[in-house]
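Student: no sequence on hand, only this structure:
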DNA sequence: CATTTTCCTGATTAAGTAATCAGATTTTAT
DNA sequence: ATAAAATCTGATTACTTAATCAGGAAAATG
């Protein structure tokens, strides 16, 4: 019965190590994020990491999975507070950009992994053809399809429009220095551009 | 006088090492791209790299500079074959996407460096506030400003529109697997979306 | 309370890293 | 041709890495 507590302790420790991994990735980047650096930040020995994770790769993969789950939940929860495609899309854009602004460390760690990690065959993660399984892209395409079917969105290619929207969202974090814009303002501008591009008639299309 | 030949040999060797660096980055990624791996691909000793470059960092930086120069020249040359903002923008989008399709290795190497390299103070290159000096972004904003002034482009925020366009371009390389689209088709779709978003009346806005 | 299982550490291992250096080879200059 | 300067290599340096291992500490179990 107290098997649960074993599991509890183990899971708590794993969670702690994953959080230390995220902090380390944000601090010093993927290249320097050694087990020693991660252990230091978690105030444990490096051997303990090896005890809970089979590999460094395993640790990175589990951290990535946690990061993806967190951001996906955040965004999709806010997206589906509405039932009509127009509001859903507005929510999606706003939530995606807001996540970057409110979770900068998690966002930085996610980037570090996606753009640094490679498979055993040296294929970069960002080139992996997992698009089919990306729940964010799937949700985005579904919303666009819905709006298109009910005649609200004027779209030629749903896939390309989805990519344009994703690109606009992803670009927000690269805005630095003199061009810096508040997340809300950027969301508003992007939404407006997308509305115009899809000829949406609505309250937000001022 | 034959001082020139010294310079010539030296520059040729440096160029060869930079090309080997690009090939290595594309092959096995930034993390595994050690001096030994680069030397192997250039069929030289590792010490020779140290002879021509002060640092590994120095080698990476010079490779990055070469990659940026190459892509910038490619894109801006094609962009400015036209004099009107509409064609310039169409050229810019098409050339940017075409470069990724025709120079996949250079493009991959560029990504590896930008998303992996950090300054001595651990600031990632992609967060550096060099936007002001990015000639591509500058050119894009200028084109948008021109079109706006002459009444061809309907844009609220030039900066945000530029980011949306950059995002759409950058997203192309992330399209893999079942959603893969030919560069020309993607360019066409993106251009069409941007035209609609800016209410451009023209031959391409079918 | 004793014992077994889980959890954890310090020390060690083998491999790989960037950089240096003495000296060989090639090129250039006289 | 010969001396000087450049280009280049193999070996070595000091260091960091991921992973393992023997055994200690803590917790759960009977």
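Tutor: Thanks, I have it. This one's a predicted model, so the numbers in the text were calculated from it and none came from an experiment.
Student: nearest spatial neighbour of the spatially most central residue of chain A, skipping sequence neighbours?
Tutor: Nearest to the geometric centre of chain A sits residue A:71, at 4.7 Å (CA atoms, centre = their mean). Excluding its sequence neighbours, the residue lying closest to residue A:71 (CB to CB, 6 or more residues apart in numbering or on different chains) is residue A:99, at 5.5 Å. To be clear about C-beta, it is placed using only N, CA and C from the backbone, and glycine gets the same treatment.
Student: other residues contacting stretch A:42-52?
Tutor: A:10, A:13-14, A:16-17, A:19-20, A:35-36, A:38-39, A:59 (CB atoms under 8 Å, 6 or more residues apart in numbering or on different chains).
Student: among those, which ones are buried?
Tutor: Buried by 16 or more other CB atoms under 10 Å in any protein chain shown: A:13-14, A:16-17, A:19-20, A:35, A:38-39, A:59, out of these.
Student: within reach of DNA strand C, which of those residues are there?
Tutor: residue A:13 (CB under 7 Å from any atom of the strand).
Student: pick the one among the buried ones among the contacts of stretch A:42-52 closest to residue A:169.
Tutor: residue A:19 (25.1 Å; CB to CB).
Student: nearest to DNA strand C: which residue in chain A?
Tutor: Using CB to the nearest atom of the strand, the closest approach of chain A to DNA strand C is made by residue A:47 at 3.0 Å.
Student: as TSV, the buried ones among the contacts of stretch A:42-52 with secondary structure would be great.
Tutor: Listed next are those as TSV, based on DSSP: H, G, I helix; E, B strand; the rest coil:
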residue	secondary structure
A:13	helix
A:14	helix
A:16	helix
A:17	helix
A:19	helix
A:20	helix
A:35	helix
A:38	helix
A:39	helix
A:59	helix
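Student: reformat the buried ones among the contacts of stretch A:42-52 as JSON lines; add distance to residue B:140 and pLDDT.
Tutor: Formatted as JSON lines, the buried ones among the contacts of stretch A:42-52 follow (distance: CB to CB, whole Å; pLDDT from 0 to 100):
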{"residue": "A:13", "distance to residue B:140": "49", "pLDDT": "97"}
{"residue": "A:14", "distance to residue B:140": "45", "pLDDT": "97"}
{"residue": "A:16", "distance to residue B:140": "45", "pLDDT": "98"}
{"residue": "A:17", "distance to residue B:140": "43", "pLDDT": "98"}
{"residue": "A:19", "distance to residue B:140": "39", "pLDDT": "98"}
{"residue": "A:20", "distance to residue B:140": "40", "pLDDT": "98"}
{"residue": "A:35", "distance to residue B:140": "43", "pLDDT": "98"}
{"residue": "A:38", "distance to residue B:140": "40", "pLDDT": "98"}
{"residue": "A:39", "distance to residue B:140": "45", "pLDDT": "98"}
{"residue": "A:59", "distance to residue B:140": "40", "pLDDT": "98"}
